[in-house]
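Enquirer: The sequence and its predicted three-dimensional model are supplied below.
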Amino acid sequence: FMNLNQAAHGDREHGFIAARLRMPRKVIAGYWQDEDVQKRLGSWMRAAIGVAVSKEMKVMRFGDNMREVAVTEGDKVEVQAKLGWQVNTWPVGKLVETMDAVTEEEIDALMDVYKASYDFATDDLETVRYQAREEIAMKKMMDAEGCKAFSNTF
């Protein structure tokens, strides 16, 4: 009997512990196969995944005037404490070095992806190639550092 009805005890125990600890929590009540319950649960699960991913997020910031300083360009310590995000700076010069190392073959390959995915609204393909060079360099730097997002000041 207990094995079939364990959730009734365990769910109450979990709720009691969370309430005593004054932990914020989400409670969704209802039959799990009801469409409304599934929608509410799905919405909560997507939000929970976003929170979990962001707790481990490392953001690459280009062009900051100071590195590892909390009082410039916004309070980086606060964002790390509240959201768990690391927002560290890499100098633009490092990006330029990485861009200089990008090969024409790498640019050609990305241009093929662009051409398959987009209609070009310009005949100035050299500008698009330069942007592809930037994208490749930024991706290389982010991959090397384990970053999942970036911001910039340029």
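Expert: Sure, I can see it. Residues are numbered from 1 along each chain as shown.
Enquirer: How about residues contacting the helix or strand Ala144 falls within?
Expert: Applying DSSP states H and E as the criterion places Ala144 in helix 125-145. Helix 125-145 is contacted from outside by 58, 60, 62, 90, 94-95, 98-99, 101-102, 106-107, 110-111, 114, 120, 122, 147-148, 150, using Cβ atoms under 8 Å, 6 or more residues apart in numbering. (Glycine included, C-beta is placed from N, CA and C.)
Enquirer: what do you get if the cut-off is 7 Å, keeping everything else the same?
Expert: Residues from elsewhere that reach helix 125-145 (Cβ atoms under 7 Å, 6 or more residues apart in numbering): 58, 60, 90, 95, 98-99, 102, 106-107, 110-111, 114, 120, 122, 150.
Enquirer: and what of stretch 52-61?
Expert: Stretch 52-61 has contacts (Cβ under 7 Å, 6+ apart) with 83-90, 141-142, 145-152.
Enquirer: that older thread, just how off-centre is the helix holding Ala144 within its chain?
Expert: 19 Å (Cα atoms, centre = their mean, to the nearest Å).
Enquirer: hmm, back to that, can I have the buried ones of the contacts of stretch 52-61 as a ChimeraX selection?
Expert: Applying 16 or more other Cβ atoms under 10 Å to the contacts of stretch 52-61, the buried members can be selected in ChimeraX as follows:
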select :85,86,87,88,89,90,141,142,147,150
